[in-house]
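In: below: sequence and its predicted model.
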Amino acid sequence: MLFRKKDMLLIFPLVAAALLLLVWFTFRTADDCVAVVEVNGAVVGQYDLSTQTDTQILDLGGSYHVQLKLAPGEISFFHSDCPDQVCVRTGVLTKPGQTAVCLPARVSVEIQGEAEVDGVTG
Amino acid sequence: MMPKIMKDKLNLSSTTRKVALVGLLAALALVLSWLESMLPPLPMLPPGAKLGLSNIVTMYAAGAVGLWPAMGIALLKGAFSGLMQGSVAFCMSTAGGLCSTFVMWLLQRPKKRPFGTIGLGVAGAVTHNLAQLLVAILLTTPAVAYYAPFLLLFGVFFGILTGIVLRVVSPFLDKI
């Protein structure tokens, strides 16, 4: 017997489980995402976003009064006096590999961590 | 009085026949797994996803010669890939082979065959992949669990293929 109806009872749940896992892995925030903040190329702070439970504003000071906003699972430029505002408009960083930079203030934020899912899609 | 031994037209006892068949199947499994390791890795596949050609042999063996000879073939296959590719390959191949052989034997017991060969192939391939993934998690990092959905999908896909192939070749194997 090459094929029985029961085979579908095996195949469908397996495919469904695979797709569910895929969706889950893609959309959840990574376990280990650490935001690394650099000023003038020197690391001034590392923040584990996965253990962050409250929202806090991080004042980096400097001539542009850069403020970062830390929240559970995310980090963003909250305020900067720089003329172009590129850093603020970059928005919220949530996934490993994402970066936001304020060039005039020489501040960069990068989320580090393993980004496996990006490596295998396709 | 001599015990009566079943003999076929070639004048072979059923034990002789079975030993020869197990030997042939083991050789076939080794050759297929060697051939498979020569194939270039396909770009869209996650590392470690393979066709599972030699699974066809253990699948047939589990149904035709029983659990223990089939497990022996799976073990031999694992030892073979250990010799060719190292100890990590040995652990992964052996774990996958033994687990999937056991499952495929369970599903092929006489009068308890819930699935067709396609379902059998899928069950075997998915078990194989998941057992390998488990070993990979133990040997490396839990991060490889990210491969689970891909291994499931490819397990289903290649399981269907091996099921069809088994259906095509098993009448010829039965004649041996």
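Out: Okay, I see it.
In: so which helix or strand takes in the residue most central in space within chain B?
Out: Nearest residue to the geometric centre of chain B (CA atoms, centre = their mean): B:N55, 2.8 Å. Using DSSP states H and E, the element containing B:N55 is helix B:53-64.
In: please see if that helix touches chain A.
Out: No. Interface with chain A: helix B:53-64 contributes nothing (CB under 8 Å from any CB of the partner chain), its closest point being 12.1 Å away. C-beta: built from backbone N, CA, C; applies to glycine.
In: would you tell me what the next helix or strand after that helix is?
Out: Next element after helix B:53-64 (DSSP H and E): helix B:67-85.
In: can you pull the buried residues of the helix or strand containing A:L21?
Out: A:L21 is part of helix A:5-27 when elements are defined by DSSP H and E. Neighbour-count burial for helix A:5-27, counted by 16 or more other CB atoms under 10 Å in any protein chain shown, picks out A:D7, A:L10, A:I11, A:L14, A:V15, A:A17, A:A18, A:L21, A:L22, A:F25.
In: the helix holding B:N55 - contacts with which helices or strands?
Out: helix B:14-38, helix B:67-85, helix B:87-106, helix B:117-139, helix B:148-175 (3 or more CB pairs under 8 Å, 6 or more residues apart in numbering or on different chains; DSSP states H and E).
In: ok, the closest residue in space to B:A61 that isn't next to it in sequence - how many residues close by?
Out: In space, and not counting its chain neighbours, B:A61 is closest to B:A70: 4.0 Å by CB to CB, 6 or more residues apart in numbering or on different chains. By the criterion of other CB atoms under 10 Å in any protein chain shown, B:A70 has 29 neighbours.
In: any idea of the mean pLDDT for the helix holding A:L21?
Out: Mean pLDDT, helix A:5-27: 88.
In: which ones are touching the residue nearest to the centre of chain B?
Out: Shown in contact with B:N55 (CB atoms under 8 Å, 6 or more residues apart in numbering or on different chains): B:G97, B:S100, B:G121, B:G124, B:A125, B:H128, B:T162.
In: ok so, going back, is it true that the residue nearest to B:A61 touches B:K77?
Out: No. Using CB atoms under 8 Å as the test, B:A70 is too far from B:K77 to be in contact (10.6 Å).
In: which residues do these two both contact?
Out: Common neighbours of B:A70 and B:K77 (CB under 8 Å, 6+ apart) are B:T58.
In: tell me the most buried of the helices and strands packed on helix B:53-64?
Out: The highest average neighbour count among the helices and strands packed on helix B:53-64, using mean count of other CB atoms under 10 Å in any protein chain shown, belongs to helix B:117-139 at a mean of 24.
In: and the nearest residue to B:A125 once chain neighbours are set aside, how far from B:L53?
Out: Of all residues not flanking B:A125 in the chain, B:G159 sits nearest, at 3.4 Å (CB to CB, 6+ apart). Separation of B:G159 from B:L53 (CB to CB, to the nearest Å): 12 Å.
In: now swap in B:L83 and tell me
Out: To B:L53, B:L83 is 18 Å away according to CB to CB.
In: and if you look at B:R167?
Out: Taking CB to CB as the measure, B:R167 falls 15 Å from B:L53.
In: again with A:L9
Out: 26 Å.
In: could you dump the contacts of B:N55 into a markdown table and include pLDDT?
Out: Output for the contacts of B:N55, formatted as a markdown table (pLDDT from 0 to 100):
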| residue | pLDDT |
| --- | --- |
| B:G97 | 93 |
| B:S100 | 95 |
| B:G121 | 93 |
| B:G124 | 94 |
| B:A125 | 93 |
| B:H128 | 93 |
| B:T162 | 92 |
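In: now for those residues: which two are most distant?
Out: B:G97 and B:G121 (14.7 Å; CB to CB).
In: now do the phi/psi pair for A:L68.
Out: phi -100, psi 150 (degrees, to the nearest 10).
In: what's the burial count for it?
Out: Neighbour tally, A:L68, other CB under 10 Å: 24.
In: related to what we said a few turns ago, in JSON lines: the helices and strands packed on helix B:53-64, plus distance to A:T53.
Out: Putting the helices and strands packed on helix B:53-64 into JSON lines (distance: least, CB to CB, whole Å) gives the following:
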{"stretch": "helix B:14-38", "distance to A:T53": "49"}
{"stretch": "helix B:67-85", "distance to A:T53": "46"}
{"stretch": "helix B:87-106", "distance to A:T53": "39"}
{"stretch": "helix B:117-139", "distance to A:T53": "29"}
{"stretch": "helix B:148-175", "distance to A:T53": "29"}
